[in-house]
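Novice: Whatever this is, show me its structure:
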Amino acid sequence: MKTILMMIVILVFLFGCAGIPVRPALQENIGLSPGKIEGNQFTGIRYLFNVSVPPPWKLTTEFPDFLERQGYDRPFSTDKEQTELYAYNPETESNINFDFTPAGRYYRCNQKGIEVLTNSVTQDFKSDLEKESGKGVANIEVGPTEPISLKGVQYAARKYVTYTLKGRKREAGWIYGFTEPYQIFILYTILEKEGVNDREDLNKILGTFEFLGKK
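Specialist: Predicted structure coming up:
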C-alpha cells in the first residue's frame, strides 16, 4: 500500500515540474512532533489536522508492527517524510494511515486532476495483487474513483480494491487530497470479521477528519 503513495508522488512530480512557481519551496520538519493524542482524539502539531476514532479503535504516531505483514515498509527516523498518524482496530488489524507532505513549487491541481491521479495507480496495485495469486489472493474487484468531502480540504478523491486473502475478505483503499499547500494521503485496509463493521467505522473516522489550515 505504501507504494501507492510513492507512485502518486512521482506522477505529481512528472506532471508538475515546469511552468511558473505558484508557492515557495516547502519541506517537512520531521523534528517536530506529529501531534498529541488524548483518549480517542488526535490534535496535529506538525500539520494542523484533527481526527478521532470510536472504540475499540486506537491512535498512535508510532508504526504498528502488524503493518509489515500488510506490505508496509517500516520507516526510518531519517526518512524525509513521515506518516503523521496511524489509526487501527486491534481486534481486526484494520487500519488507516494519515500522511501529509508539502506540495512542490509548481504543483497545480483541480478536482478532475486529483481524480485522475488517484485512479492512475490502480492498475499497478491490481497487478501486484495478481502476482500474489499463488499466495492465496483471489476475487479481485476494483471500485470506482469517487470524489470525497473532507473538512478543510479543497480537493480529494477515493479509490479502493476488494479482494480475498487466505479466505478473508479485505478492502484496500486510498484517498488523495490537496489543500494549499499540502498533499494529503490517507491509506486504509479493512479486514472483514464477523460481527465487526470496520467499514462503517472508517466512514465515521473520515467524518471527524478536519484540516485547520497552514501553520
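Novice: In this protein, where is pLDDT below threshold?
Specialist: Applying pLDDT under 70 to the chain flags the ranges 1-19, 133-134, 215.
Novice: at 90 instead, please
Specialist: The model of the chain has pLDDT under 90 over residues 1-31, 68-82, 103-109, 117, 120-138, 165-168, 213-215.
Novice: hey, where'd the strands end up in it?
Specialist: For the chain, the strands defined by DSSP state E cover 35-38, 41-44, 48-52, 58-60, 85-88, 95-102, 137-142, 146-147, 155-165, 168-179, 182-191, 210-213.
Novice: Could I get the CA-only coordinates of the third one as PDB?
Specialist: Extracted C-alpha coordinates of strand 48-52, given in PDB (Å, rounded to 0.1, in the frame of the first residue of the first chain):
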ATOM      1  CA  LEU A  48      -2.800  21.200  11.700                       C
ATOM      2  CA  PHE A  49      -5.500  18.500  11.500                       C
ATOM      3  CA  ASN A  50      -7.700  16.700  13.900                       C
ATOM      4  CA  VAL A  51      -9.300  13.300  13.800                       C
ATOM      5  CA  SER A  52     -11.000  11.000  16.300                       C
END
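Novice: Within the sheet, what are the partner strands of it, with directions?
Specialist: Sheet pairing of strand 48-52 (DSSP bridges) gives strand 41-44 (antiparallel), strand 210-213 (antiparallel).
Novice: Out of these, flag the one nearest D65.
Specialist: strand 41-44 (19.9 Å; C-beta to C-beta). Quick note: C-beta positions are derived from backbone N, CA and C, even for glycine.
Novice: so the nearest residue to E192 once chain neighbours are set aside bridges to which residues?
Specialist: Leaving out its chain neighbours, the residue that sits closest to E192 by C-beta to C-beta, 6 or more residues apart in numbering is K169, at 4.4 Å. Beta bridges link K169 to T164, judged by DSSP bridges.
Novice: Would you reformat the strands of the chain as JSON lines and include distance to D198 and mean neighbour count?
Specialist: Formatted as JSON lines, the strands of the chain follow (distance: least, C-beta to C-beta, whole Å; neighbours: other C-beta atoms under 10 Å):
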{"stretch": "strand 35-38", "distance to D198": "20", "mean neighbour count": "14"}
{"stretch": "strand 41-44", "distance to D198": "18", "mean neighbour count": "19"}
{"stretch": "strand 48-52", "distance to D198": "16", "mean neighbour count": "21"}
{"stretch": "strand 58-60", "distance to D198": "13", "mean neighbour count": "16"}
{"stretch": "strand 85-88", "distance to D198": "10", "mean neighbour count": "22"}
{"stretch": "strand 95-102", "distance to D198": "9", "mean neighbour count": "22"}
{"stretch": "strand 137-142", "distance to D198": "18", "mean neighbour count": "14"}
{"stretch": "strand 146-147", "distance to D198": "19", "mean neighbour count": "14"}
{"stretch": "strand 155-165", "distance to D198": "13", "mean neighbour count": "20"}
{"stretch": "strand 168-179", "distance to D198": "9", "mean neighbour count": "20"}
{"stretch": "strand 182-191", "distance to D198": "5", "mean neighbour count": "22"}
{"stretch": "strand 210-213", "distance to D198": "21", "mean neighbour count": "15"}
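Novice: what sits against the closest residue to I148 other than its chain neighbours?
Specialist: If the residues on either side of it in the chain are set aside, I148 comes closest to R158, at 4.4 Å by C-beta to C-beta, 6+ apart. By C-beta atoms under 8 Å, 6 or more residues apart in numbering, the contact list for R158 reads 118, 145-148, 173-175.
Novice: Thanks a lot, see you next time.
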